[in-house]
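Fold the stuff below for me.
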Amino acid sequence: MKKVYSLFALVVGIWLFSSCGSSASSPPSTPGATTPIEQPSNVPSGTTTAIASAEPIATAGPTPDTSSSIPTPSAESSNALKAAQALQIRGRAATTNYSRDAFGSAWKDVDRNGCDTRNDILKRDFTTAIFKSGTGDCKVVGGTWTDPYSNETYTFETAPSGAQIDHIVSLKNAWQMGADLWSDQMRVDYANDPLNLIATIASLNREKSDANAASWLPPYKPGRCKFIATQVAVKTKWSLYVTDSEKEVFVSILSKPECAKTELPN
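Below is the predicted model:
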């Protein structure tokens, strides 16, 4: 009887163990589990879609152009610097047909005051002037004068042949930068424009010759601000072009602290 009971208990135990294993094969559901997001049907396989953020993405503004070596003038810049920045650049015209005669003979009385342009400039630039008698204070034959290119002072007791009249923007430079297309009368007026004329010592006038600002500057450095401002004023007044290197010199010098208050002469 005990053997029958033991066998019956063994069968019941095997049945119970089998039932427990079957129910353990089904995983229980986890509370709070999320259902995977279904990819849109038009997205290629292997592509990950991003979920938009509530924060807007900042976009960069336009990148400023820093390629130019010529700085942009600020509101505090002098009018000379602003005018230099506005000058138009082009290459030099050929000098094949250039001659001094294209600008008329030197010197004329263009303002009809009875004195030629050379004597008008000597009177203007000399500190004191001595005139030839009988010329109505027109012909300068002596006086005291300070050369603007060297800042050296000279006294002439006879006709000041050592003082010459320089075209601050030379006639040849003007020809190359636009005057080749002018009328004859316009070139004569340019050659006698007091804005573009200054008395200087003969040696420095020869040294400067037809050079532009990229090739020659006055040896007296404190005078360079005014010298460059005058070149800019002449180029602006007569709508003359500049070369790249010429404009760079204009802007470089007029941007210096000592030239900050330099104004255009008139």
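
can you pull out the helices in this structure?
2-24, 79-86, 117-125, 171-176, 184-191, 202-208, 224-237, 244-254 (DSSP state H).

Next up, the contacts around C225.
Applying Cβ atoms under 8 Å, 6 or more residues apart in numbering to C225 gives the contacts 253-254, 256, 258-259, 262. All C-beta atoms are positioned from the backbone trio N, CA, C, and that covers glycine.

again, only using 7 Å
By Cβ atoms under 7 Å, 6 or more residues apart in numbering, the contact list for C225 reads 253, 258-259, 262.

Please indicate which of these are buried?
253, 259, 262 (16 or more other Cβ atoms under 10 Å).

Go through the helices of the chain and name the closest to N266.
Ranking the helices of the chain by proximity to N266 (Cβ to Cβ) places helix 224-237 first, at 6.9 Å.

relative orientation of the closest one and helix 79-86 in degrees?
Orientation of helix 224-237 against helix 79-86 (axes from the mean of the first three to the mean of the last three Cα atoms, to 10 degrees) gives an angle of 50 degrees.

from now on call the first residue 41
Sounds good: first residue 41 from here, last item helix 264-277.

between helix 264-277 and helix 224-231, how many degrees?
Going by the same axes, to 10 degrees, helix 264-277 makes 170 degrees with helix 224-231.

what is the mean pLDDT for helix 264-277?
Across helix 264-277, pLDDT averages out at 98.

Just the buried residues of that helix, please?
Under the neighbour-count rule (16+ other Cβ under 10 Å), helix 264-277 has 264-275, 277 buried.

What of stretch 227-247?
So, applying 16+ other Cβ under 10 Å, buried residues of stretch 227-247: 227-233, 235-241, 244-245.

quick one: contacts of that stretch?
142-144, 147-148, 150, 157, 160-162, 165, 185, 187-190, 202-209, 211, 214, 219, 273-274, 277-278, 305.

Need the distance between the two termini of that stretch.
In stretch 227-247, first residue to last residue: 24 Å (Cα to Cα, to the nearest Å).

same check, this time on stretch 171-189
One end of stretch 171-189 sits 24 Å from the other (Cα to Cα).

do stretch 245-252 as well
Counting by Cα to Cα, the terminal residues of stretch 245-252 are separated by 13 Å.

cool, and stretch 134-146?
23 Å.

ok, now stretch 143-151?
Terminal-residue distance, stretch 143-151 (Cα to Cα): 16 Å.

Pull out the buried residues from that stretch.
Here stretch 143-151 shows 143-144, 147, 150 as buried, counting by 16+ other Cβ under 10 Å.

can I get those in JSON lines with pLDDT and distance to A254?
Listed next are those as JSON lines, based on pLDDT from 0 to 100; distance: Cβ to Cβ, whole Å:
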{"residue": "F143", "pLDDT": "97", "distance to A254": "22"}
{"residue": "G144", "pLDDT": "95", "distance to A254": "27"}
{"residue": "W147", "pLDDT": "91", "distance to A254": "28"}
{"residue": "V150", "pLDDT": "89", "distance to A254": "30"}
